[in-house]
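Trainee: Predicted model, plus sequence, below.
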Number of protein chains: 2
Amino acid sequence: MTIVQDFPEASARYKTDMAQTIENSLKTYGMRIDDYLKKLLPVRDDYLSEPIWYHMESGGKRMRPALCLIVCEAMGGNPDEAVPFAAAVEVLHNMFLMHDDIEDGDTMRRDKPTVWVKYGTANAINAGDYLLGRAYHAILKSNLSFEKKLKLLDIFTITYEKTVEGQALDINWRGSTDFTIEHYLQIVELKTAYYLTCGMVGGAVVAGRSDNVIEKIWELGKSMGPAFQIRDDLIDLTQGKGRGGVIGSDIKEGKPSFLYAYTLSQAGAGDRERLIEIMLKPRESTSSRVVNEVITLYNKYDAINYSQKYAEGLVEKAFKIIEEIPVEDKTTFREIARFMAQRTA
Amino acid sequence: MTIVQDFPEASARYKTDMAQTIENSLKTYGMRIDDYLKKLLPVRDDYLSEPIWYHMESGGKRMRPALCLIVCEAMGGNPDEAVPFAAAVEVLHNMFLMHDDIEDGDTMRRDKPTVWVKYGTANAINAGDYLLGRAYHAILKSNLSFEKKLKLLDIFTITYEKTVEGQALDINWRGSTDFTIEHYLQIVELKTAYYLTCGMVGGAVVAGRSDNVIEKIWELGKSMGPAFQIRDDLIDLTQGKGRGGVIGSDIKEGKPSFLYAYTLSQAGAGDRERLIEIMLKPRESTSSRVVNEVITLYNKYDAINYSQKYAEGLVEKAFKIIEEIPVEDKTTFREIARFMAQRTA
């Protein structure tokens, strides 16, 4: 099987020499977010706190919120002022995971039973709803001018809505027999791009940057988001996605990946039919043998290689967009892009 | 069986002579809300619009949003400016109904299958999530000063959070053997009072009224909310709640009503045990005979009469709070209270 690589070409070409790497900043800022989260979502013995912390403590790298603080600081803003918004982004992320796990029928996340499995569907829906309220609360209570606060609320609401729109397509196109790369990219732009980017956009707003800067960061997300997601799809075939180390969760769960969309577009009638048939199987009846059959099909049509190249192309594009962001020092954005091209959430 | 009456004593005592009754205003304003809702939630052939309009068109009197406009106008504000907030309140209401129906396992609402039954749980959760995004969008886009907009967002977020907190108690206390009137009132204050009142509070904000006025309106809700809910509980025993005209849905579904809480507090050990046993039964096995058995128990301990009186007391209290609202003309509030004492949502 082809081993998934980072995107060495694109990232090496744009390598920078920042003394403090993004990786280190992520750790430091991640801890600041954690401290704030403990105030925003007090650890109590109640029906909301328990499922929420069961979920929130089970890992997650606080990557999105940390990027918010990094961008804010790099743009001359005070990252302390951005902490509530950054935390709101993290809370939103967790709210979506909680609801998505119910919607997708996922029983495991980060090697633990999902919230709905442990606390029931009613509590999982409601705890997710509560998280969203807390996210808005955080932004509303942040120590910023009325104008900045409303801008952040706007950005947050757009991100939230786009993600939900993407989820609507994801839910209803699953199992569609004419699923294309265009469908895939449409879902990913809505479901991944906004929400990967909105922290950075918020950081720029807190730093008082212009709408031109903000537009370019959104645009950056539209390249980085799909690159990130395609890489996630590839990783599912090599390392698994933290569902008990199982390889090929997407195949088992019938989640249409970039590889699936591409293979469908290339395969002959027989292979197409077989592929669709497997994707429609309930997960219990998708054995490892069947997963391997799909991977063999992906290899037959060179889908893994194509996906790698496609994602590389998106990363290249992202670096070009970075050059167009109207700020003096683009180092931080380059570092972030390089980091994202090499890691997953 | 005791027939449920309006609260004639309290309401007659405070009768006013407004030429245009609240009932008429509700109709006119309800139509304005409907027009706005069609813009906010475009009727399209997509995966979000379809379940949303399936749900939204199935009735609902737009009472909460209309009260927002009525209060705004009565306080000298321009109701047009309050329309987006009023619509947001209506959207919130529908979002909660959609999620609650899943959480409660309710299969019928307003004599039609609920959204999750018709479109699946995944679409029902996601369409509910989308509604919340649209509600925030409406408030953010309303044509108001930054300050008023942020105040409205605050009111909306508080209401949203309190309702979710109430739902958490409701989900987890169901079937509790030591359910008391205090439990009941705690749930209702969180789950009903804020959200019945927030439209009126928003109307006052748009009209530029002070925080003192706003505080008193919130307080009013804390009497009217439970009065309204207790009346709803009583109506379930006489007219049913629009679930195919079935009487005693709360009993079938094991939803602890005021009557249930009161009867538990009064009944002897044998009756208590039997009552709890019935409430814990799955709804399929709660026959009409069993429903009648519960009603007989309620009558045995005079629960229906007590509930009527208790609600009357709350309505009395509401009228007293109205006298303390620091506005010149309290007529509108009196009319609203009178109206709410006589109708259900």
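Mentor: Received, thanks.

Trainee: So, low pLDDT: which residues of chain A?
Mentor: A:1-20, A:58-60, A:241-245, A:343-345 (pLDDT under 70).

Trainee: near chain B, which residues of it?
Mentor: With Cβ under 8 Å from any Cβ of the partner chain as the criterion, chain A comes near chain B at residues A:46-48, A:99, A:102-104, A:120-123, A:125-127, A:129-130, A:132-134, A:136-137, A:140, A:146-147, A:149-150, A:153-154, A:157, A:160-161, A:164-165, A:167-169, A:171-172. For every residue, glycine as well, the C-beta is placed using N, CA and C.

Trainee: For PyMOL, what selects the buried ones among those residues?
Mentor: In PyMOL, a selection of the buried entries from the residues of chain A next to chain B looks like this (16 or more other Cβ atoms under 10 Å in any protein chain shown):
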select buried, chain A and resi 47+48+99+102+103+104+121+122+123+125+126+127+129+130+132+133+134+136+137+140+149+150+153+157+160+161+164+165+167+168+169+171+172
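
Trainee: What about the residues of chain A next to chain B, which are in strands?
Mentor: Among those, DSSP state E puts none in strands.

Trainee: Which of the three states applies to A:P326?
Mentor: Following DSSP: H, G, I helix; E, B strand; the rest coil, the label given to A:P326 is coil.

Trainee: Is it in contact with A:K216, as I believe?
Mentor: Yes - with contact defined as Cβ atoms under 8 Å, A:P326 and A:K216 form a contacting pair (7.0 Å).

Trainee: And these two? Which one has more around it.
Mentor: Comparing A:P326 with A:K216 by other Cβ atoms under 10 Å in any protein chain shown, the one with more neighbours is A:K216, at 21 against 11.

Trainee: Relative to B:K281, how far out is that one?
Mentor: According to Cβ to Cβ, to the nearest Å, A:K216 and B:K281 sit 61 Å apart.

Trainee: go on, A:L144?
Mentor: 53 Å.

Trainee: Looking at these two, which one has more neighbours?
Mentor: A:L144 (18 against 14).

Trainee: Correct me if wrong: the more buried one contacts A:V206.
Mentor: Yes - under the criterion of Cβ under 8 Å, A:L144 makes contact with A:V206 at 6.8 Å.

Trainee: any shared contact partners between the two?
Mentor: Residues touching both A:L144 and A:V206 (Cβ atoms under 8 Å, 6 or more residues apart in numbering or on different chains) are A:E81, A:L152.

Trainee: Now do the helix or strand hosting A:K27: which elements does it pack against?
Mentor: In this structure, A:K27 sits in helix A:22-40 according to DSSP states H and E. With contacts taken as 3 or more Cβ pairs under 8 Å, 6 or more residues apart in numbering or on different chains; DSSP states H and E, helix A:22-40 sits against helix A:63-74, helix A:79-104, helix A:121-141, helix A:331-342.

Trainee: And the contacts of the first one?
Mentor: Which is helix A:63-74. A:22, A:25-26, A:29-30, A:32-33, A:78-79, A:81-83, A:85-87, A:89-90, A:93, A:195-196, A:198-200, A:202-204, A:206-207, A:217, A:329, A:331-333, A:336, A:343, A:345.

Trainee: Which PyMOL command selects the buried ones in those residues?
Mentor: With 16+ other Cβ under 10 Å as the criterion, this PyMOL line picks the buried residues out of the contacts of helix A:63-74:
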select buried, chain A and resi 22+25+26+29+30+32+33+79+81+82+83+85+86+87+89+90+93+195+196+198+199+200+202+203+204+206+207+217+332+333+336+343
